[in-house]
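S.K.: Predicted model and sequence follow; I will ask about them next.
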Amino acid sequence: AFVLWDRRIKVLFGARDRLGIKPLYYHHGPQGFAFASEIKSLLECDWIPRRIDDIAIGEYLRHRYVITPRTILRDVRKLPPAHYFIVKDSQLAVKRYWDLKPKALSAVDKEEALEGFKTAMSEVIRQHLISDVPLGAFLSGGLDSSSVVAWMAHAGVSAIKTFSIGFDSPESELPFARRVAKHLGTEHHELVLQSVDFQEMFDRIVWFMDEPVGDEASLPLYFLAQFARQSVTVALSGEGSDELFAGYNYRPYARNAAMQALPGVKMGSKLTSIVPIPKLRRFAKRLATPLERQYRGVSRVFEDIEATKLFPLAAECTSRTVDETYQRCPASDPLHRMLYLDLNTWLPDDLLVKADRMSMAHSLELRVPFLDHEVVEFVWQLPSDLKIREETSKYLLKESVKDLLPADIIHRTKMGFPVPLQSWFRQDLAGFARETLLQTQGITDILDRSTLEQVLAAHQYQDRSQQIYALLVLGSWIRQYIHRD
């Protein structure tokens, strides 16, 4: 992101990168226009109010993040990715300068697509390896980070420094990362976290995040960046692959949408809804519901009913941004419509926020080769069956590295950054979670206390760890940014 002041014609121009890798916040009010790369910097201007946006609270409870251009603060906005602003004579104009184009490669065959993607990624990796300072890579042992390291090795980089983090729990990915590191011959480094690390550093992590993002992967990312910074100044990471190659659970939604297009299905779904069989009624309801109402993004924390119990105004907080994103989508097929939504919301407002904030907290430059815009443009145009083929997701990506990585790494189940919050919030951190949510200033000022207690109690017999974490983040952020604690 950058901002230029043209002193000659007195015009301020600012722009943000195409995918939202870097942030740019601004305030436009009666006393002036202010911009910064962090909310905490803007709030040093005492003329910018610290007022919470009720609609943003509703969005946060549903998604665990606030969708651009809104922020949690009523008087602060995020410049959307691929947009620029112009301020002249105190007037602000915000415009889009780039977007994904309608798909044009629907007839491309697998070998042609594979060759094109390999060529694009090889060139991007080569560019991302240019550095005057020590460089390494994050390695979780999943397909995305393993592919990045494999391409680095394929490009001829010797003694690649790789960094992994895990927990003393069955969910740890350390064994997989170790296997990839051995296969590729990297100089591998590991770090194991305990629950006490979470408790001690939680408020600090929320402070660095700058806005509430209730994604528990922020925790290992913070420590991983700190760990890697001891050896390197630049690290490559695998963000963006899932949003390009359909790595999430898109198949059921795409299948329902395809069925909706069949002759007679819409009328049949209405008739079926009167049949007194619960499963059949639910299926009929899905068939009668448009994709845009079924799929609202990859991340859902609280369903509408519970969000409204926590925050009564949430009932009125429907996100127009999601609807507008669907309307702007240049694709017509269901899979690409969902991918477009996540590329424009989940990616810049969750994944890239935590990647940027947690790395910059330790002055580590994080590079994300999958999100080079030329790679994004090429992959976007590929047909759906090169992204999901039968039961195989990320099909073309897996094909592209089948000669570089072990088959069991390529085809293993996606885990992300698995944090053992479920057991922590039932055991080591049960008291911490309860005390933080119910006895300290912040969260109970705006959310219903009895519903908070119900969420905590329910965690003893069903996993509510993501909800508890999202609530803890919101409470910590309010204490630090609103009450200045």
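M.R.: Looks like it came in fine. Because the structure is a prediction, the values reported are computed rather than measured.

S.K.: C-alpha from now on. contacts and neighbour counts both.
M.R.: Fine.

S.K.: and M152, how many residues sit next to it?
M.R.: When neighbours are defined as other CA atoms under 10 Å, M152 has 22 of them.

S.K.: For the stretch 1-150 of the chain, which segments count as helices?
M.R.: Remark: helices assigned in the stretch 1-150 of the chain by DSSP state H, counting those that start in this stretch are 39-42, 54-63, 110-128, 143-154.

S.K.: For the ones you listed, give me TSV that also has distance to Q260.
M.R.: Putting those into TSV (distance: least, CA to CA, whole Å) gives the following:
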stretch	distance to Q260
helix 39-42	44
helix 54-63	26
helix 110-128	28
helix 143-154	33
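
S.K.: right, so of these, which gets closest to A433?
M.R.: A433 sits nearest to helix 54-63 of all the helices of the stretch 1-150 of the chain, at 17.3 Å, using CA to CA.

S.K.: Output the closest one in PDB with nothing but the alpha carbons.
M.R.: The C-alpha trace of helix 54-63 is given here as PDB (Å, rounded to 0.1, in the frame of the first residue of the first chain):
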ATOM      1  CA  ASP A  54     -23.000  -2.300  15.700                       C
ATOM      2  CA  ILE A  55     -23.200  -3.800  12.200                       C
ATOM      3  CA  ALA A  56     -19.500  -4.800  12.500                       C
ATOM      4  CA  ILE A  57     -20.300  -6.600  15.800                       C
ATOM      5  CA  GLY A  58     -23.000  -8.600  14.000                       C
ATOM      6  CA  GLU A  59     -20.600  -9.400  11.100                       C
ATOM      7  CA  TYR A  60     -17.900 -10.400  13.600                       C
ATOM      8  CA  LEU A  61     -20.200 -12.800  15.500                       C
ATOM      9  CA  ARG A  62     -21.100 -14.500  12.200                       C
ATOM     10  CA  HIS A  63     -17.700 -14.600  10.500                       C
END
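
S.K.: who's in contact with that helix?
M.R.: Helix 54-63 has contacts (CA atoms under 8 Å, 6 or more residues apart in numbering) with 65-67, 70-73, 297, 299-304, 307, 311, 313-319, 470.

S.K.: one step back: can you lay out the helices of the stretch 1-150 of the chain as JSON lines showing mean pLDDT and distance to L224?
M.R.: What follows is these, written out as JSON lines (pLDDT from 0 to 100; distance: least, CA to CA, whole Å):
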{"stretch": "helix 39-42", "mean pLDDT": "95", "distance to L224": "24"}
{"stretch": "helix 54-63", "mean pLDDT": "94", "distance to L224": "25"}
{"stretch": "helix 110-128", "mean pLDDT": "95", "distance to L224": "20"}
{"stretch": "helix 143-154", "mean pLDDT": "96", "distance to L224": "14"}
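
S.K.: Which one of these lies nearest to D485?
M.R.: Closest among the helices of the stretch 1-150 of the chain, using CA to CA: helix 39-42, at 13.2 Å.

S.K.: gap between the closest one and the chain center?
M.R.: Distance, stretch centre to chain centre, for helix 39-42: 22 Å (CA atoms, centre = their mean, to the nearest Å).

S.K.: which helices and strands does that helix pack with?
M.R.: strand 25-29, strand 32-36 (3 or more CA pairs under 8 Å, 6 or more residues apart in numbering; DSSP states H and E).

S.K.: Restricted to helices, list the contacts of helix 54-63.
M.R.: Counted as lying in helices by DSSP state H, out of the contacts of helix 54-63, are 304, 307, 470.

S.K.: give the contact list for the closest residue to the last one other than its chain neighbours.
M.R.: So that's A470. The shortest distance from A470 to any non-neighbouring residue, by CA to CA, 6 or more residues apart in numbering, is to G214 (4.0 Å). Going by CA under 8 Å, 6+ apart, G214 touches 64-65, 466, 469-471, 473-474.

S.K.: Show the pLDDT at the spatially most central residue of the chain.
M.R.: Centroid-nearest residue in the chain, with CA atoms, centre = their mean: L351, separated by 2.7 Å. pLDDT for L351: 96.

S.K.: just to revisit the earlier point, now the helices and strands packed on helix 39-42 as CSV including mean pLDDT and mean neighbour count?
M.R.: Shown next, in CSV, are the helices and strands packed on helix 39-42 (pLDDT from 0 to 100; neighbours: other CA atoms under 10 Å):
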stretch, mean pLDDT, mean neighbour count
strand 25-29, 97, 17
strand 32-36, 96, 16
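
S.K.: Which one of these lies nearest to D168?
M.R.: strand 25-29 (38.3 Å).

S.K.: and the closest one, what other elements does it pack with?
M.R.: So strand 25-29, by 3+ CA pairs under 8 Å, 6+ apart, packs with strand 32-36, helix 39-42, strand 77-78.

S.K.: try 7 Å this time
M.R.: Strand 25-29 is packed against strand 32-36, strand 77-78, with contacts defined by 3 or more CA pairs under 7 Å, 6 or more residues apart in numbering; DSSP states H and E.

S.K.: Nearest to L135, out of those strands?
M.R.: For L135, the closest of these is strand 32-36, at 27.8 Å, according to CA to CA.

S.K.: now the closest one, how far from the centre of its chain.
M.R.: Distance of strand 32-36 from its chain centroid, counting by CA atoms, centre = their mean, is 26 Å.

S.K.: Which strands border it, and is each parallel or antiparallel?
M.R.: strand 25-29 (antiparallel) (DSSP bridges).

S.K.: Report pLDDT for K279.
M.R.: 64.

S.K.: pretty sure I478 is in contact with G442, am I right?
M.R.: Yes. The criterion here is CA atoms under 7 Å, and I478 meets it with G442 at 5.3 Å.

S.K.: before we move on, the earlier item: can you flag the buried ones in the contacts of helix 54-63?
M.R.: 65-67, 70-73, 297, 300-302, 304, 307, 311, 314, 317, 319, 470 (16 or more other CA atoms under 10 Å).

S.K.: how about the helices of the stretch 1-150 of the chain, which one is nearest K387?
M.R.: K387 lies closest, by CA to CA, to one member of the helices of the stretch 1-150 of the chain: helix 110-128, at 10.6 Å.

S.K.: Give me the residues contacting the closest one.
M.R.: Under the criterion CA atoms under 7 Å, 6 or more residues apart in numbering, residues 151-152, 155, 369, 375, 396, 400 lie in contact with helix 110-128.

S.K.: Walking through the stretch 351-485 of the chain, point out its helices one by one.
M.R.: Ranges of helices within the stretch 351-485 of the chain are 352-360, 373-380, 395-400, 407-410, 421-424, 430-439, 449-458, 465-477, based on DSSP H, counting those that start in this stretch.

S.K.: elements contacting the fourth one?
M.R.: For helix 407-410, the packing partners by 3+ CA pairs under 7 Å, 6+ apart come out as none at all, with no helix or strand in contact.

S.K.: 303 is where my numbering starts, stick with that
M.R.: Okay, residue one is now 303; in that scheme the one you just asked about reads as helix 709-712.

S.K.: Let me see the mean pLDDT of it.
M.R.: Averaging pLDDT along helix 709-712 gives 94.

S.K.: Give the buried residues for it.
M.R.: By neighbour count on 16+ other CA under 10 Å, the buried set for helix 709-712 is 711-712.

S.K.: Do a quick rundown of the strands in this structure.
M.R.: Assigned by DSSP state E, the strands in the chain fall at 304-308, 313-317, 327-331, 334-338, 379-380, 385-390, 393-398, 437-440, 463-469, 489-495, 536-538, 667-669, 690-691, 694-695.
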